[in-house]
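Engineer: here is my input, please return the structure:
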Amino acid sequence: MASLPNLPDGVIIDILSRLPPESLLRFKCVRKSWYALFNDPKFKAKHFSTSLQHKHILLKRLVTKHSGNKENIFSLFKLPLSIHPSLSLSDIDLPFHEDFRFFEIRGHSHGLLCLTDLRKDIFLCNPSTREFHKLPPSILLLTEPPVEPDDYDSSTNAVGFGYDSKSRDFKVVRVVDFVEGPGYFYPPRVEVYDLSKDRWREIESPVCGHVFWAPCFEMFHEGTYYWWAMTGNTEGNTEIIQTFDMSEEVFGRIPVPESFEGTGDRYRSLGVLDGCIVLFHYPSRGDERSFDMWEMAKDEWGGVSWSKVLTIGPVCGIEKPLLFVSCEELLMEGNGGQVIVYNIKSGEVKEVPIKGDPAKFQGTAFVKSLVSVKGGNNINYEF
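Structural biologist: So this is what the prediction gives:
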């Protein structure tokens, strides 16, 4: 058998592109040529393309340590259980230097996560390489809090992260609200961060609605970021799905199913099944719940329609759906802080040995990558 140094360069590159990022990081010190290779955008793109065949599930869970302190932990494992019946869970030791207890995932793409507490700080993180990057300060948020009750103030309403396939760059969008006194609201303003330039810039695209929190709703999918939002008029408020196109940098609105109107205290969660966006509608509380699932379809003119495709339950002990891990298996959070796999065809329920504080789980399909979160290098990634 030929030794590795005697193999053609193309074969060596192909072998290295199939290794996990953790191994490649250790190999950086082996040769200067390998160090340069692993930092080459073309190799990173090739490595990511190969990694697509080995998808993982990434869970963010809040856990209470023996000391009583709470800590966000990121864990990786493989599903579906039909293929990986013995769950292999690995916690990622991330070098947190700040209090991340209240940080949430605001988008995932190409192995990168966006984390923020919706105050002022936003971080990009690559869990595979353990890289963190704190984004520069906002150019819109006011730097000082108001001194008097009637003073002018600002706050972050929404944050979204994703990849722009046209500019071959990663972007973060932030919507900033402005208010004066007890209730005079000014139109929101929008800024966009480009990773390759490592700076913010303001854009003029009008916002469609005011983003509200909903469990496991926000996501980035195929070039677009999605939020649950409300839009007001003289006749009252209407709920919508607000979107942001990362390439065109414009906001859009998608109507929700008509039957949602006037349904009161109910939650909405968004997901992806077989490439299609699905919307869950379910009670916000109760030991026994039913989860209605609607599938979104778009026509050739961009019009959107919804069709109800499934009702899960009534089932006991389920807090919320997290994400589909296969065409049959839905990962859900139990109301006791456990993780459940629900088979939508058989109705079978399995509990997997993962625990966390109740109502604090987030999950996303995850692909390991070498993509750097260090901004300002003017490098474009062609995936």
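
Engineer: contacts made by the helix or strand hosting residue 322 with the rest, please.
Structural biologist: Using DSSP states H and E, residue 322 sits within strand 318-324. When contacts are defined by CB atoms under 8 Å, 6 or more residues apart in numbering, strand 318-324 is touched by residues 57, 59, 215-216, 267, 269, 271-273, 278, 280, 282, 289, 291, 330-335, 339-340, 342, 358-359, 361-365. Where you see a C-beta, it was placed from the backbone N, CA and C, and this is true even at glycine.

Engineer: tell me the strands beside that strand, with direction?
Structural biologist: strand 329-334 (antiparallel) (DSSP bridges).

Engineer: just the CA atoms of the partner strand, as PDB, please.
Structural biologist: Coordinates of each C-alpha in strand 329-334 appear next as PDB, following Å, rounded to 0.1, in the frame of the first residue of the first chain:
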ATOM      1  CA  GLU A 329     -39.600  10.900  12.500                       C
ATOM      2  CA  LEU A 330     -40.400  14.100  14.300                       C
ATOM      3  CA  LEU A 331     -38.200  15.200  17.200                       C
ATOM      4  CA  MET A 332     -40.300  16.700  20.000                       C
ATOM      5  CA  GLU A 333     -39.700  18.100  23.400                       C
ATOM      6  CA  GLY A 334     -41.400  16.600  26.400                       C
END
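
Engineer: output the contacting helices and strands for the helix or strand following it.
Structural biologist: Downstream of strand 329-334, the first helix or strand assigned by DSSP H and E is strand 338-343. Packed against strand 338-343 by the contact rule (3 or more CB pairs under 8 Å, 6 or more residues apart in numbering; DSSP states H and E) you find strand 318-324, strand 329-334, strand 349-355.

Engineer: the longest helix in this protein is where?
Structural biologist: What stands out as the longest helix in the chain, according to DSSP state H, is helix 41-51.

Engineer: which parts of this structure are helices?
Structural biologist: 9-16, 21-27, 32-38, 41-51.

Engineer: list of residues touching the longest one?
Structural biologist: Just to be clear, that refers to helix 41-51. 13, 16-18, 21, 24, 37-38, 110-111, 367-372, 379-383.

Engineer: can you select the buried ones from those in ChimeraX?
Structural biologist: With 16 or more other CB atoms under 10 Å as the criterion, this ChimeraX line picks the buried residues out of the contacts of helix 41-51:
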select :13,16,17,21,24,37,38,110,111,367,368,369,370,371,372,379,381,383
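
Engineer: for residue 221, give its distance to residue 283.
Structural biologist: Distance of residue 221 to residue 283, given as CB to CB, to the nearest Å: 26 Å.

Engineer: residues in contact with the residue most central in space within the chain?
Structural biologist: For the chain, the residue nearest the mean C-alpha position is residue 107 (2.7 Å; CA atoms, centre = their mean). Residue 107 is in contact with 113-114, 159-162, 172, 218-220, 225, counting by CB under 8 Å, 6+ apart.

Engineer: excluding covalently adjacent residues, which one is nearest to it?
Structural biologist: Ranked by CB to CB, 6 or more residues apart in numbering and with sequence neighbours excluded, the top spatial neighbour of residue 107 is residue 161, at 3.2 Å.

Engineer: quick one, what contacts that neighbour?
Structural biologist: 106-109, 112-114, 124, 170-173, 220, 225.

Engineer: repeat that for residue 354.
Structural biologist: 59, 61, 75, 77, 87, 89, 338-339.

Engineer: report the separation between it and residue 61.
Structural biologist: 7 Å.

Engineer: can you list residues touching both of these two?
Structural biologist: residue 75.

Engineer: okay, and the beta partners of the closest residue to residue 244 other than its chain neighbours?
Structural biologist: Leaving aside its chain neighbours, residue 244 sits nearest to residue 225 (4.7 Å; criterion: CB to CB, 6+ apart). Residues in a beta bridge with residue 225, per DSSP bridges, are residue 220, residue 244.

Engineer: is it true that residue 225 touches residue 164?
Structural biologist: No: using CB atoms under 8 Å, residue 225 makes no contact with residue 164, being 11.1 Å away.
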